[in-house]
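1. output the structure for:
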Amino acid sequence: MSHPSYSPLKPNPELSRIEPAIPDALVREELERVLSSHDFQASKLCQNFLRYVVENTLNGHTDSLKERTIGIEVFGKTPSYDPGEDAGVRVKAGEVRKRLRSYYSNQPAEAKVLIELPSGTYIPEFHPLKRAEQDVLAKSWVRSWLFLTASGVVLLGLAMSAFFWLRPHPVDSLDQFWSPVFQSHKAVFVCTAPVPVYSDVRNSGAGQPARVEDFVLIPNRFVAVSDVNSATQIAEMFGRMGEPYKLRIGNDVSFRDLRTTPAVLVGFSYTQWHEIGEHFRYSIDLSQRPFGVSQDGALTQWTIKTHPDDPELNEDYAIVSRVLYPGTNSIIVEITGISHYGTEAAADLVTNPTLLQEALR
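-> Now for the predicted structure:
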């Protein structure tokens, strides 16, 4: 994958954030180590983002490190792109900061330079890093993470940092996946939708063949048990993480709600979430046989051999999408399977730190 091109402007030392003692070559050497680490390998966009801001800073182009410029140069957005309506750059910058913290918290022995992206800016800073300082660095970043996630608990912060530092960190994978959803600081909607149920209202006697017109749709009455279980599982995890949420069952959520509030849409392919999910890169396609997952409208190899309601079904596929949905300008997470089995498995994935860590790797 080619890297974004950079403007051939002459470096301006007065704009550079580089400490004079650190040669550019050493910074670039550290940059390559960071980008090739497991913390960054899973996200090409995070790699491109970090490379772009580092190279522009090394070349003295910090005046171009603005949200709108990054959106156009790195994210490929159109010149009419409005950062006020699209938080994608801000969300990705937060993810890059977390990946940098994760990389340095593992105390890489070969690291000679600390690459840092301070909050509130897209201009990275570079600091010389000695091996003896790395333990202090890792612990200080854990304290910073705790301060941000437990704002206001100042007196307990230092004691809690030691606790979190000494214990294993499987929760990091949950934070890595869910943190963009929590950035708005609004209560996240965890939503399920009704499934279509038809009732036989015929008055004919027994033994006569059923007709299509004998069945009527009963709207907004029934929700799949698996969807409710999956939504409850996610909501309980939010509660353990100390994040606010609102559980919405059935039609108790409108498109207006989704326009202003991040949401987790839980439900397999029959529900109304299909109308939103079909616009994502991956979606569930029940319009043709075999039933399965489509990519950009084309059916993939991820299909099932029978119907989603077949009791003999022994395999399923699911989609976990986390996107900044252009129709609402809010973060939407979709948890959906071809059948209810896939939905339950997807909910297990996004609430289990061990499984999620393996997926993110």
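2. I'd like the next helix or strand past the helix or strand bottoming out on mean pLDDT in the chain.
-> Every helix and strand of the chain was ranked by mean pLDDT, DSSP states H and E. The lowest is helix 154-166, at a mean of 40. On the C-terminal side of helix 154-166, the closest following helix or strand by DSSP states H and E is helix 171-182.
3. distance from that following helix to the middle of the chain?
-> Averaging C-alpha positions (CA atoms, centre = their mean, to the nearest Å) puts helix 171-182 7 Å from its chain's average.
4. likewise for stretch 237-245?
-> The mean C-alpha position of stretch 237-245 is separated from the chain mean by 16 Å, CA atoms, centre = their mean.
5. I'd like the average pLDDT over the host helix or strand of residue 233.
-> In the assignment (DSSP H and E), residue 233 maps to helix 225-241. Mean per-residue pLDDT for helix 225-241: 90.
6. okay, buried residues for it please.
-> 226-227, 229-235, 237-238 (16 or more other CB atoms under 10 Å). The C-beta positions use only the backbone N, C-alpha and C, and glycine is treated the same way.
7. which two among the residues you listed are spaced furthest apart?
-> 226 and 238 (19.0 Å; CB to CB).
8. all the strands of this protein, residue numbers only.
-> With strands called from DSSP state E, the chain shows them at 113-116, 125-128, 188-192, 197-200, 215-218, 245-248, 263-266, 282-285, 292-295, 298-303, 318-325, 330-337.
9. which strands and helices sit next to the fourth one?
-> Right, strand 197-200. Applying 3 or more CB pairs under 8 Å, 6 or more residues apart in numbering; DSSP states H and E, one finds that strand 197-200 contacts strand 215-218.
10. with only the CA atoms kept, save the strand it packs on in CSV.
-> Extracted in CSV, the C-alpha atoms of strand 215-218 (Å, rounded to 0.1, in the frame of the first residue of the first chain):
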residue,chain,number,x,y,z
PHE,A,215,-51.8,-14.6,7.1
VAL,A,216,-51.4,-11.1,8.4
LEU,A,217,-48.3,-9.3,9.7
ILE,A,218,-48.3,-8.4,13.4
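11. tell me the helices and strands packed up against that strand.
-> Looks like strand 215-218 contacts strand 197-200 (3+ CB pairs under 8 Å, 6+ apart).
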